[in-house]
Every structure is written in structure tokens, then in C-alpha cells.
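1. sequence-free structure coming up:
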């Protein structure tokens, strides 16, 4: 046994009472809670401030806690959104038997984003995980208006109508069911949007996003989708006339007598 005073000198000084390690490096943990501010906004501000600080070699800043959870959640939500768009396109392509017509239908998806942002702005809510969930829900809701228009247009064209008259007739006849389903979904989301009930304020942004997206997509789909449908149909005719082996697409147009009979 050797006494410590024989090999060392005792000097009072300051030091860490506990040494934490993470990823084989020492860690100094600084924690704080957000007050009257969204955690995501505070995390972005802290990142901007930390980026202005020059650290010695071997030191670095790492964000954790709720900031890290928000980043991971946003990544998962974007992955779900991308998969939803891919699955919607595959299903529509198999149902319509075309690779171009689903593109016209899916043009209603970015139109809903306009209403989502406007609704969140008017309701003074943030783009959080609940509003993102509402936007993912919209991917399956807003396409129904375009499906009604395109499907009925195809039926009229199969019956002998020309393209222009088929689009106008489909818009006139399908307007009523489109408005009925839109109003049903909007009024069904109003109680959640008003934040009635315990804890409903947290879920209200989801209803705000759904209501705004449905309204704008319904109004803009009636105008934008027929235009995109016309351009894609012209593109399909040009491709068939240029590279197809069958008769020209112009020869497949219905005859005037068939239109009169229809």
C-alpha cells in the first residue's frame, strides 16, 4: 500500500462532477424549454446563432431533444407524402389504362397546397406535424374531383362526343356531385377546426389544412384539370401519329353524324 500524498500533490481546483460521453467523445449537455414560441422556430434560430460561433478543432454543436424529433418526423412525413403520390399515380394509371391521364388528375394535388398555406395563415396556426398529416390526407381527397371530370369526359367521348363538348358537358353535369362532396368534407371538419373539446387545439391545424386545401382544389380543379387534359390528349395524339403503328389519331375522331346522333 502506498499513500497518495507520496506520489501526488493536493491542490484545490474546479472540475466536472460527472463526465458524459456520446459517440466516443465527451459531451456537455445544455437543456432548455420553449416558452410561448414553437420549438421548431427556436431550433432554427439557435442553429443560425451557433453557425456564427467558431469552435476550436475537436469541438462541435449537435442539436437534440425536440429539435431532433421534429427533423425526423418531418422526414417521415415527406416520405409518406411521396409514397402516397406514387401509389395514387399507380392506381389511377391501372384504372384508366393510361400513363398521361393520371397526370391531369394529379394536377389537383399542388393546387391544394395553395389553400393549405392560406388557411394556416388566416387561422394563425403553424405548419406542424398535424397540418402535415392533413396535407397527406388531402392527397387522397382532392383527386376525387378530377377523377369525376376525367372519367365522365372519357365516357362522353366514347359515346361519340368531340373532346371540347365532352369536357364542357362533364363540367356541367359533375359540378353538383363535386360541390356536394366538398361541402360534406368541409362541414365535417369544422368542429375540429374550431378547437371544441379538450386538447382539440393541438389537432386544429389538421382541419385547417384540409378545409383550405379542399376549397381551393375544388375551385381550381374545374378550370385547370380540363386544360391539362386537353394538352395531354394533344400530346398523346402527336405521339401516336409520330411513333404509332396503327391508324392516325385524327382518323379515330368521331364522325359528325355520330356526334349528331349522340
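-> The structure has been received and is ready for your questions. In this text the structure is predicted, and so the values were computed from the model without any measurement.
2. got the buried residues for stretch 92-106?
-> The neighbour-count check on stretch 92-106 (16 or more other Cβ atoms under 10 Å) flags 92-93, 96, 98, 100-106 as buried. Where you see a C-beta, it was placed from the backbone N, CA and C, and this is true even at glycine.
3. Take those and write them to JSON lines, including distance to residue 190 and pLDDT.
-> JSON lines is the format used below for the buried residues of stretch 92-106 (distance: Cβ to Cβ, whole Å; pLDDT from 0 to 100):
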{"residue": "92", "distance to residue 190": "30", "pLDDT": "89"}
{"residue": "93", "distance to residue 190": "35", "pLDDT": "91"}
{"residue": "96", "distance to residue 190": "34", "pLDDT": "87"}
{"residue": "98", "distance to residue 190": "37", "pLDDT": "84"}
{"residue": "100", "distance to residue 190": "37", "pLDDT": "86"}
{"residue": "101", "distance to residue 190": "34", "pLDDT": "87"}
{"residue": "102", "distance to residue 190": "31", "pLDDT": "90"}
{"residue": "103", "distance to residue 190": "33", "pLDDT": "89"}
{"residue": "104", "distance to residue 190": "31", "pLDDT": "88"}
{"residue": "105", "distance to residue 190": "27", "pLDDT": "89"}
{"residue": "106", "distance to residue 190": "27", "pLDDT": "88"}
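4. Tell me which of these fall in helices.
-> Judged by DSSP state H, these include 92-93, 96, 101-106 as members of helices.
5. Between those, which sits nearest residue 1?
-> Set against residue 1, the nearest of those by Cβ to Cβ is residue 106 (80.8 Å).
6. can you map out the strands along the stretch 51-200 of the chain?
-> For the stretch 51-200 of the chain, no strands are identified by DSSP state E, counting those that start in this stretch.
7. which residues of it fall in helices?
-> Using DSSP state H, counting those that start in this stretch, the helices assigned to the stretch 51-200 of the chain run over residues 66-96, 101-106, 108-123, 129-141, 143-158, 163-194, 200-243.
8. Of those helices, which stretch is the most buried?
-> helix 101-106 (a mean of 22; mean count of other Cβ atoms under 10 Å).
9. Against which helices or strands is it packed?
-> With contacts defined as 3 or more Cβ pairs under 8 Å, 6 or more residues apart in numbering; DSSP states H and E, the packing partners of helix 101-106 are helix 66-96, helix 143-158, helix 200-243.
10. With distance to residue 40 as added columns, please give these in a markdown table.
-> Below are the helices and strands packed on helix 101-106 laid out as a markdown table (distance: least, Cβ to Cβ, whole Å):
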| stretch | distance to residue 40 |
| --- | --- |
| helix 66-96 | 5 |
| helix 143-158 | 29 |
| helix 200-243 | 13 |
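11. Quick check: which of the ones you listed is nearest to residue 24?
-> Comparing these under Cβ to Cβ, the one sitting nearest is helix 66-96, at 19.1 Å.
12. quick one, the closest one and helix 143-158 angle?
-> Put simply, helix 66-96 runs at 20 degrees to helix 143-158, going by axes from the mean of the first three to the mean of the last three Cα atoms, to 10 degrees.
13. Hey, what's the angle from helix 66-96 to helix 108-123? Just curious.
-> 140 degrees.
14. Run the angle between helix 66-96 and helix 129-141 for me.
-> Using the same axes, to 10 degrees, the interaxial angle of helix 66-96 with respect to helix 129-141 works out to 0 degrees.
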